[in-house]
Every structure is written in C-alpha cells, then in structure tokens.
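*Asks:* Give me coordinates for this.
(4 chains)
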There are 2 protein chains.
Amino acid sequence: MNNKISKNSIRRLIRYRTVLQRFQNMGLGKVFSDNLAEALDIKASQVRKDFSLFNLTGNKRGGYVIGDLLEKITNIIGKNRTYNTIIIGAGNLGKALLQYTGFEKEDIKIKAAFDIDPAETHKQYSTPVLPMENLHSFIQENDIEIAILTTPALAAQRVMDLLVKANIKGVLNFAPIRLKAPKEIFINNVNLLQELENIIFFIKEKKEKIAVI
Amino acid sequence: MNNKISKNSIRRLIRYRTVLQRFQNMGLGKVFSDNLAEALDIKASQVRKDFSLFNLTGNKRGGYVIGDLLEKITNIIGKNRTYNTIIIGAGNLGKALLQYTGFEKEDIKIKAAFDIDPAETHKQYSTPVLPMENLHSFIQENDIEIAILTTPALAAQRVMDLLVKANIKGVLNFAPIRLKAPKEIFINNVNLLQELENIIFFIKEKKEKIAVI
DNA sequence: CTGATTTTGTTATTCATTTCACAATAACTC
DNA sequence: GAGTTATTGTGAAATGAATAACAAAATCAG
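*Replies:* Residues are numbered from 1 along each chain as shown, chains lettered A, B, ... in the order given. Down below sits the predicted model:
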C-alpha cells in the first residue's frame, strides 16, 4: 500500500461506521457500496476507493458483511481501547462538554476538567474540576493523551505550552487562534463563530448570484 | 470573474479577517501576502490566489492596506448587517451557546432558544427559552434566518422539517445525523465526537507509521 | 453446468486545488 | 532619475481528490 490517507477519507471512515451501526441496529447483515454511498450522499466508487485504501474487502456480488466491516473500521479508528481525556477551561462550553454524554459510550473517558477560577473548581460535578496547578501532574499520573481546550483565546497558547511540556498527544481546540506546537502533536480546530460566518456567506451569496461550487 | 469560489476559500477568507484584525489591534497598517501566509500556515501564493478570487487588491511592493482589506472582506462575508438566529434544543450545548458571548459582537443576534421541556422554558436566561409550539411564528415574526440545532439526533430531522416549512435559510447542525433538506438551505455540520475520533486516529497512527498526508 | 447478472476492486480519467514561476510595477537607493 | 529590489497578480504546472469505467469474480437461474 503506497497510497496516502487523507483527512477526508478518515472523516468518511468515521461516518461509514456510524451508518453501519445504524444498519446493524436495523437488523441488516450486509451492505453494498451503493447503500453506504446513498447514506453519505457520495458516489459508490468513492466508498470502494476508501475501502480499498484501508484494505476493507467485501465479496463480489455479495457486498460487505456489516459485522466484519464494523470491527475492522473500529480497529482502524482506534477504538479498541480507551482514550483518557481532559477539558481545560470550565466556562460555558467546557461545562457543557463535561456534561455531554455522547463521548462516554465511545471509549473516550473525560477524567477531569481544569480551570483557573477557584470558584469553578469547588462546584460539584460528576467529573472533578481541578485548579490549573495540578495540570502537569494529573496528565502524567492519569495517562492523559487528549486535551479539549475551551479557554479564551488569550490563554490558549499558554495552556498549549503546558500541554506540550506534559507530553499530550492530541488537542481539540475550541479557542479561535492557531496554536503553535510541535508537529507530532495533532491539533484539531473547531471554531464555532467561523462555522456561523460560513453560513452567513452562503445565505448572503444566494441573493447576489455569485457562482459557488 | 468566471472563477468558482470554494468552501475552503471562504473558510480561509474568514481566517484572514481574524488575523488582520489582530494585526490591526497590534497597530499595523499594512501586510504582505507573506505575513498572512505565515499566520495561517499556508503558502503566500495561496493568499494571493484567494485575494484575486475575491478581487482584493494590493500594491506591488507596498502590500495590502489592512483597513481596506478588512472592510472589503467583512463586506464579502456579509457582516454589514445583523443576522437573526435561534437555538433549538436547550440541553447542555444549547445552554452553553446561549451564554456564549463570542457571537454578539459579530452581528449575530441570538433571539431565542427553543425546547420541548417546559422546565427549561421557565428558567430565566437573558435570552428567552420558548416552547417548540412557538417556533414557526417566532421565525416568521422575528425575521430569523439561521437556526443552531442542538437537539438529540432522534429529534433533529423532525425539527429540520419544521425549519424548512418556516423558510429558514441556514442551519448549524450539531446533531450527529445528516439532515435532509432542500438544497437551497445551507447546512453546516459540526460533530464533536467525530472531531475527537479524528484525533484518536491520528495519535494512534503515529505509532504504526502509516503514511498520512 | 452454462450463461446472464451483479458487485467488487482497481486503473484510468476528469475535475479541483495548490503551488510555482515570472512578468509587471511600485517603492526605494544613491 | 537610472538602477535595483520587493511584492503583487495571474497563467501554467503540479498535485490531489472524486468519479467513471471496466475486468474479474461471485452468485443466481434454469
């Protein structure tokens, strides 16, 4: 295999899994590239191309066995073990994510949140909110690999530097700045304002009839 | 201009603006494509290409005047007027977004939130939380163009159908399903679990040395 | 068992995006 | 003000991603 794997194909892989789980829950045992393509609103050849990239094979004329696919995809994505995670910044978004139940069942364990505000650190949540001083040792002692960053933009780079020192492996960054870090640390940026502005551009464009692909 | 504008170039345009604002706040008056490229970690030629796409011009050897650029970009993105917005689903995420202050200053006005749970609709926030029954009339009467969808996946399509009927123009969807809607409604999906799984893939890959571009 | 049919897996093709390369030109130097 | 330098703007080249096309294989029908 000398093919490169793009970010997009991984995004699709994750979506295939979601759809396959739904199919499985509906009692289906097999799928065709066709079915998956329809569910994701892409072409069947794209599905097969992706599968070939990840060595996911099916049977000619018989399609793919959902159970097998799910097992292999889950393996590829890396969900056969748990990933210990922390949240940094217990503001509105941080607190919302603390209480978000969608992560747990996917073997992403949120072990703690951190905040500079001592008031936050004393409130009771089911997951502890700790003062920033404990960050480094907590990461070390609890085998934390991923940090979710929900601090204000101004604090974000400072926190990132601490995370680098503590050997974090991946960061989900909600702060609206580009974090600097060694390239072996994987950073995924989510910028909510940007997503809204994107919508604004497109609903605005419509009126003015500028070609948008 | 017979060039097509891609989603990515708009994403970058929004990022240029953020960076330019920061530069302006630092007291700078001019930039070169170089500076912007470095800030966004892309190539200078990409910056110039984008600018040419949007007819953003500078001066040879003199670079670009930040004030001018900002004005033009803001105009292109569509921020010269306010965009009325609602949040549907007053769960953790919905409530967090209700209290998020980052939108206000950007002329995105969150006019109300909606929830089926009457308990939520009686709590006091600075923005009203209303029962779902009011959705249609509220959208009509308050000139709402954008909806932020934070309901559970199961409810999301049903809500989407209501939004379509009420003539919404754009949706920011946090529910982890692919919404069906007429294509003239612009839908932007944000899937937090997927973003985390993406990180997991990449931090896992590192060990196994599979080529990733 | 033979032929028709379906569906995969992969190679070729098309389409889109990014990067390069360089002419044009504005600004600077002396 | 002549020459040098820096920087834009864009057409061409390179790279990357999506789609189409089709041979090979599995299944089905009779």
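*Asks:* what element comes up after the helix or strand hosting residue A:113 heading to the C-terminus?
*Replies:* Element membership for residue A:113, per DSSP states H and E: strand A:108-115. Remark: after strand A:108-115, the chain's next helix or strand is helix A:118-122, criterion DSSP H and E.
*Asks:* how about that following helix: buried residues?
*Replies:* Going by neighbour count (16 or more other C-beta atoms under 10 Å in any protein chain shown), the buried part of helix A:118-122 is A:120-121. (Each C-beta comes from the backbone N, C-alpha and C, glycine too.)
*Asks:* Mind giving me the packing neighbours of it?
*Replies:* Packing partners of helix A:118-122 (3 or more C-beta pairs under 8 Å, 6 or more residues apart in numbering or on different chains; DSSP states H and E): strand A:129-131.
*Asks:* strand partners of the strand holding residue A:113, parallel vs antiparallel please.
*Replies:* strand A:83-88 (parallel), strand A:129-131 (parallel) (DSSP bridges).
*Asks:* Can you tell me which of those strands is most buried?
*Replies:* strand A:83-88 (a mean of 23; mean count of other C-beta atoms under 10 Å in any protein chain shown).
*Asks:* For chain A, which segments count as helices?
*Replies:* A:7-25, A:33-40, A:44-53, A:66-77, A:92-99, A:118-122, A:135-142, A:153-165, A:192-208 (DSSP state H).
*Asks:* how about the ones you listed, which one is nearest residue B:101?
*Replies:* helix A:92-99 (8.7 Å; C-beta to C-beta).
*Asks:* Find out how far the closest one is from the centre of the chain, if you would.
*Replies:* 16 Å (C-alpha atoms, centre = their mean, to the nearest Å).
*Asks:* pLDDT below threshold where in chain A?
*Replies:* A:1-3, A:205-213 (pLDDT under 70).
*Asks:* Show me it divided up by domain.
*Replies:* Domain assignment for chain A by automatic domain parsing gives A:7-77, A:83-194.
*Asks:* Deepest in the core, which of these is it.
*Replies:* Of these, domain A:83-194 is the most buried (mean count of other C-beta under 10 Å), at a mean of 18.
*Asks:* The helices of chain A: which one's closest to residue B:132?
*Replies:* Comparing the helices of chain A by C-beta to C-beta, helix A:92-99 comes nearest, at 20.7 Å.
*Asks:* anything in stretch A:5-13 near DNA strand C?
*Replies:* No: contact of stretch A:5-13 with DNA strand C (C-beta under 7 Å from any atom of the strand) is absent, the minimum separation being 11.0 Å.
*Asks:* hmm, that stretch touching chain B?
*Replies:* Yes: Stretch A:5-13 lies within reach of chain B by C-beta under 8 Å from any C-beta of the partner chain, at A:5-7, A:10-11, A:13.
*Asks:* Tell me the one of those residues nearest residue B:36?
*Replies:* Nearest to residue B:36 among those, with distances taken as C-beta to C-beta, is residue A:7, at 22.6 Å.
*Asks:* wait, doesn't that closest one sit right on residue B:195?
*Replies:* No: at 11.2 Å, residue A:7 does not count as touching residue B:195 under the criterion of C-beta atoms under 8 Å.
*Asks:* about what we covered before: could you tell me how far the strand holding residue A:113 lies from the centre of the chain?
*Replies:* For strand A:108-115, the distance to the chain centre is 15 Å (C-alpha atoms, centre = their mean).
*Asks:* what residues does chain A put near DNA strand D?
*Replies:* Applying C-beta under 7 Å from any atom of the strand, one finds that chain A approaches DNA strand D through A:4, A:6, A:8-9, A:42-43, A:45-46, A:48-49, A:59-62.
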